[in-house]
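# Sequence first, predicted model second:
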Amino acid sequence: MAPTLSDRRGGRPDPTARRWKPPLQNRLLIRTLRSPLHRLLDGFTVALRVTGIVTGTMHELPVMFAWENSSELVVYPGRPETKKWWRNLRRRTAVSLLHGGRWHQASGEVLQPGDDGYDGAVRAYHRRWPHVRIGPSDPLVRLRLIEAEPDPPGGDTSRVSRRNVRAGPTRLEAR
């Protein structure tokens, strides 16, 4: 059940607020990433779970990525002026990402031109996506893997637990 917007009177749900649903293609991509068919998308797409800093609403969205090294991914929010999700990562923030059919804990942060690591992140993204044009003032998002969340009982990864349970440190296999 998708969360609703809260009214200004104590944070209670507003029964008149419309529930926002992600576009159908996003829901299908995320469902595929959770399924055994995730291997079709693992080389270029992850699902990112970000919590809004103002509303506290959790958003899941598929994003194209590039490996910067074995534990860091780079995401370019294409046409960033039209998107809001990346703004929740202006300060390093805990996020989750779905790759290899499993959710992984990570931290995310926005890199702006002039920041340490920005040029290296642009190079990594262009190695993977050479035809993507990143504007001179466009931000990038760096995701640092922390550890994998454990598989749910029975090994059914189609319904991954949303609890942040600590597992032993793991690294995603690059490429």
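That came in fine, so what should we check first? Everything numeric here is computed off the predicted structure, so don't read it as measured data.
# mind checking pLDDT for Trp20?
You'll see Trp20 listed with a pLDDT of 60.
# just Arg127 next, same as before
96.
# And the helix or strand containing it, what's buried?
Using DSSP states H and E, Arg127 sits in helix 118-128. Neighbour counts using 16 or more other Cβ atoms under 10 Å place 118, 121-122, 124-126, 128 of helix 118-128 among the buried residues. (Each C-beta comes from the backbone N, C-alpha and C, glycine too.)
# Check this protein for its longest strand and report it.
What stands out as the longest strand in the chain, according to DSSP state E, is strand 58-69.
# What lies in contact with that one?
With Cβ atoms under 8 Å, 6 or more residues apart in numbering as the contact definition, strand 58-69 has outside contacts at 3, 22, 26, 29-30, 33, 44-52, 73-77, 85, 120-121, 124-125, 127-129, 142-143, 174-175.
# cutoff 7 Å now
Contact with strand 58-69 is made by 22, 26, 29-30, 33, 44-52, 73-75, 85, 120-121, 124-125, 127-129, 142, 174-175, as judged by Cβ atoms under 7 Å, 6 or more residues apart in numbering.
# Walk me through which strands that strand pairs with, and which way each runs.
Take DSSP bridges as the rule and strand 58-69 pairs in its sheet with strand 45-51 (antiparallel), strand 72-75 (antiparallel).
# need these in JSON lines with distance to Thr93, can you?
Below are the strands paired with strand 58-69 laid out as JSON lines (distance: least, Cβ to Cβ, whole Å):
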{"stretch": "strand 45-51", "distance to Thr93": "8"}
{"stretch": "strand 72-75", "distance to Thr93": "13"}
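# which one of the ones you listed is the most hemmed in?
Comparing these by mean neighbour count (mean count of other Cβ atoms under 10 Å), strand 72-75 ranks first with a mean of 24.
# The following helix or strand past that strand - contacts with which helices or strands?
As assigned by DSSP H and E, the chain's next helix or strand after strand 72-75 is strand 93-99. Contacts defined by 3 or more Cβ pairs under 7 Å, 6 or more residues apart in numbering; DSSP states H and E place strand 93-99 against strand 45-51, strand 102-111.
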